[in-house]
Structures are given as C-alpha cells and as structure tokens.
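Trainee: quick one, fold the following:
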Amino acid sequence: MKKHIGSFSLIAGVYLVAIAGGIMVFHMTSGLSLVIRLLLADLAATAIIWLISLLVDNASLYDPYWSVIPPVLLVLVAFHLHDALSDGVIVLLLALAFWGIRLTYNWARNWHGFKHQDWRYDEMRQKTPRIWPLTSLLGIQLFPTLIVFIQLIAAIRLIEANPGMHPGLVTGSAIIMAATILQYVADRQMFAFRQQNTDTKACFAQGLWRYSRHPNYFGEIMVWWGLWLAYALTMNTIDLLVLSPVAMTLLFVFVSIPWMEKKILATRPEYADIQASVSMLFPLPPKREKMAFDDR
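Mentor: Residues are numbered from 1 along each chain as shown. From the prediction side, this is the model:
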C-alpha cells in the first residue's frame, strides 16, 4: 500500500469533497423529510465521485464508496438529530463502523493504483463504449448507492428513535460484528494464500473456503440482515424494510456471484467440479474434498 500513497491521498481528497457536497445538499433541502434529504445528499456525493472518475478515467474510484460513505452518513445524521446518543445507537454505529473500516481496509490492500480498473467495469465499457459515462453512472455507481441506501433506512429509523440497549438492537449489532469478522478471516485466508502462491490460476481449499465458494459475500449479506433484525426486533415491527436485505441477497445470488463464476469457468472449466461440491454461499460441509476458488 505504501507505493500508492499518492493515489490514496487523491482518493481521500476526492471523498472529502464528495462528503462536503453531500452535506451542502442536505442543508439546502431542510424542508424535506429526513430520508429524502439523506438520499439527495447521497446522490450528490455519488455524482461528484462519478464526475471525477470520468476525469481520471477510472470507475474504480467509486469502489470504496460502498464502505466509506454509509458510516459517515449515519454518524452525521446521528449528531444532527441528537445532542446525546443512546447506548444502543452507539453500539449499532460502532458495529457498522467496524464493518466499514474492515471493508475499506480490504479495498486499500488490493488497490493497484489508477492504472488498474475492476475487470467487471472493463467488460461493461467494452460492451457499451459509446455510452460509457452513462453506463458508469447508472450501472457502476448509482445502482450500488441506491441499494446500500435502502439498507441504511433501517439504521436511520433506529437513530431517529434513539433507543436504549434493547436486546434486539444488541443482537443485530452482534450479527453485524460476527459477519464482519467472518469476512475478515475469509479475506485474510485468501490473501495469505495468494501471497504464498505465484500461480494466479491456483485454487484454495482451506479454512472458510472449504465450506462456501464465497464466504466473504456471505458475510456481507449477513451484515445487512443483522441491521434489519436490529430494526425489526427493536421497533417490534415487520414492514416493507424487510425487502432491503432481500434485495441485497438477490444482488449477490443472481448478479455478483454468477458474473464472477462465469468469468472463472471461461478460463478454468474444472471449476464446475467445485460448484458441484462446495456450497455457493451459505457455509456447509463440502460434499467431497474440493477446492474453493480465489474470486478476488
């Protein structure tokens, strides 16, 4: 990471500008509901990132947005609404901050500088070269911003209510923490394997990867189910917000994972054997000893 200090500094500056722009929009829309104001602020920050990503010609500038902006957004709204936060809200914010820091660290560790762009973005650009700026805005940046914001509505409602140390809130926060630790362990195991093996086509069959082909994605999904559970149990309600973690689950199951595995199968047909023996997402005992593939 040290050799990319310059690019990290640039990214930090860009994100500070985006956050400042979002805060400005939030204050300019004081007559609207809290959720709408936050959504508009989130969209404004996304637009700033998008515009600058076009200038640097790298859509991966958006990649840390997924983990950086949500905790910042929630902390800002918490202190906007309350002079003193309850213990329960503090626990929730700490759990989500832990998730955000872990995911941002993992992104930074795998960041290769502005010369590198996510392979998925390259594919999208090749398919739609004439409308690439629009594809980048809608498919790469706006869609993730919206789907993550939908998840955050549950947290916004909890912050508004400012409940104490409710058992449901503690349970949901504990799930978020446990899911984050699972992600950390899975990524550490894969990172260590890749550091020790120069063969980029090598497969990995140890640790959490024996039980799930995508344990890191499973952890990400559980973060959002944990947040929804904290909301549902604390507010004693099951409403349309249950669709938030459902949408996140569907995104991984029907978009992210199939896209990833299609790429793997295109170069390594033997991966089909792994698909037949290792659970796609939910960790389960393997049907037989097979290898879990490096999907990073």
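Trainee: just the element for the residue positioned nearest the centre of the chain, please.
Mentor: Among the residues of the chain, W66 comes closest to the average C-alpha position under Cα atoms, centre = their mean, at 4.6 Å. Element membership for W66 (DSSP states H and E) is helix 65-81.
Trainee: and what of Q275?
Mentor: helix 271-277.
Trainee: show me what that helix is packed up against.
Mentor: helix 257-267, strand 292-293 (3 or more Cβ pairs under 8 Å, 6 or more residues apart in numbering; DSSP states H and E). C-beta: built from backbone N, CA, C; applies to glycine.
Trainee: can you say which of these is nearest to I49?
Mentor: Smallest distance to I49 across the helices and strands packed on helix 271-277 (Cβ to Cβ): 22.1 Å, for helix 257-267.
Trainee: and the closest one, what's buried?
Mentor: Neighbour-count burial for helix 257-267, counted by 16 or more other Cβ atoms under 10 Å, picks out I257, M260, E261, I264.
Trainee: so how far is stretch 82-95 from its chain's centroid?
Mentor: Distance, stretch centre to chain centre, for stretch 82-95: 22 Å (Cα atoms, centre = their mean, to the nearest Å).
Trainee: hang on, isn't M235 packed against A161?
Mentor: Yes - taking contacts as Cβ atoms under 8 Å, M235 lies within contact range of A161: 6.8 Å.
Trainee: can you list the buried residues in stretch 231-238?
Mentor: Buried residues in stretch 231-238 (16+ other Cβ under 10 Å): Y231, A232, L233, T234, M235.
Trainee: tell me which stretches of the stretch 51-200 of the chain form helices.
Mentor: Here the stretch 51-200 of the chain has its helices, by DSSP state H, counting those that start in this stretch, at 65-81, 87-109, 119-127, 132-135, 143-161, 167-196.
Trainee: which one of the buried residues of stretch 231-238 sits closest to D187?
Mentor: When those are compared against D187 (criterion: Cβ to Cβ), the nearest one is Y231, at 27.1 Å.
Trainee: point out where this protein drops to low pLDDT.
Mentor: 1-3, 198-203, 205, 288-296 (pLDDT under 70).
Trainee: what about 50?
Mentor: Along the chain, the parts satisfying pLDDT under 50 run over 290-296.
Trainee: domain assignment for it?
Mentor: The record assigns the chain these domain ranges, following automatic domain parsing: 1-87+115-153, 166-296.
Trainee: from A247, how far out is the residue nearest to the centre of the chain?
Mentor: 15 Å (Cβ to Cβ, to the nearest Å).
Trainee: same thing with L227?
Mentor: 13 Å.
Trainee: need the contact list for A47.
Mentor: G21 (Cβ atoms under 8 Å, 6 or more residues apart in numbering).
Trainee: what does stretch 168-177 rub up against?
Mentor: Counting by Cβ under 8 Å, 6+ apart, 88, 91-92, 94-96, 98-99, 158, 163, 222-223, 225-234 sit against stretch 168-177.
Trainee: sorry, that was for stretch 277-285
Mentor: By Cβ under 8 Å, 6+ apart, stretch 277-285 touches 208-215, 217-218, 221, 252-253, 257, 286-288, 290, 292.
Trainee: wait, doesn't S7 sit right on G113?
Mentor: Yes - between S7 and G113 there is a contact under Cβ under 8 Å: 5.1 Å.
Trainee: more crowded one of these two?
Mentor: Between S7 and G113, counting by other Cβ atoms under 10 Å, S7 is the more crowded of the two (17 against 12).
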